[in-house]
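Asker: pasting the structure only:
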């Protein structure tokens, strides 16, 4: 059941994170079909974060449980706030084409590309750390194929967030810290803990993202956005 919830989270996050960029049909006033789909992202993604938490509580000390719950709560607020900010500012930016450099454009850019991305993607990273806090306190069931096969989907979406959102400086070291946390925690608890669903899932996702960051950075000698290259 835990692996199924992790797999559901990975699939939902990747879909709602990536699909809107390719749904560009204008519904009127430059509102796109991607905007409509993107509106539902927090409603689809936040519940699985808490469903995974619910499966990790057994055997976890109260203090660690409260700490992880607080971290996850703050992370979800950051995701929802940052996502809504980015969605609205992104739509407004289309109305400001031709007005680059004006005060309105600069302010909208700040909420879209800077604050919105930092909040949403920082919250996502924080949510994975909340899972790891809980995983430290319990062995949990081993990861099955559903969790391990969908983890790269989440890792790819995480990488895409960093590149297109220009938050590589946050997400790349964040993935490295998470991967080291998984390995160090598993070594302390015994090698078999590496196979625990959450640890296994996150380790595969973190390593996928790190590999993609490395390839992209070497290939382009930096981290240009996909949109700047005309890919989306």
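Answerer: On my side now, so go ahead. These figures come from a predicted structure and were not determined experimentally. Residues are numbered from 1 along each chain as shown.
Asker: contacts and neighbour counts: CA atoms only from here.
Answerer: OK.
Asker: gap between the most centrally placed residue in the chain and residue 21?
Answerer: With distances taken as CA atoms, centre = their mean, the residue of the chain nearest its centroid is residue 124 (4.2 Å). Distance, residue 124 to residue 21, by CA to CA, to the nearest Å: 19 Å.
Asker: Where does the residue lying closest to residue 151 once chain neighbours are set aside fall, secondary structure wise?
Answerer: Residue nearest to residue 151 in three dimensions, not counting chain neighbours: residue 205, with 4.9 Å by CA to CA, 6 or more residues apart in numbering. Take DSSP states H and E as the rule and residue 205 turns out to sit in helix 197-220.
Asker: Does anything pack onto that helix? Which helices or strands?
Answerer: Contact partners of helix 197-220 among helices and strands, from 3 or more CA pairs under 8 Å, 6 or more residues apart in numbering; DSSP states H and E: helix 2-18, helix 117-135, helix 145-164, helix 168-189.
Asker: Let's have those helices in TSV, adding mean pLDDT and distance to residue 89.
Answerer: TSV is the format used below for the helices and strands packed on helix 197-220 (pLDDT from 0 to 100; distance: least, CA to CA, whole Å):
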stretch	mean pLDDT	distance to residue 89
helix 2-18	94	16
helix 117-135	95	11
helix 145-164	94	15
helix 168-189	90	21
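Asker: who wins for proximity to residue 84 among those helices?
Answerer: helix 117-135 (8.9 Å; CA to CA).
Asker: quick check: mean pLDDT across stretch 106-113?
Answerer: Model confidence over stretch 106-113, given as mean pLDDT, is 90.
Asker: can you list contacts of it?
Answerer: Stretch 106-113 has contacts (CA atoms under 8 Å, 6 or more residues apart in numbering) with 85-90, 92-93, 100, 116, 165-166.
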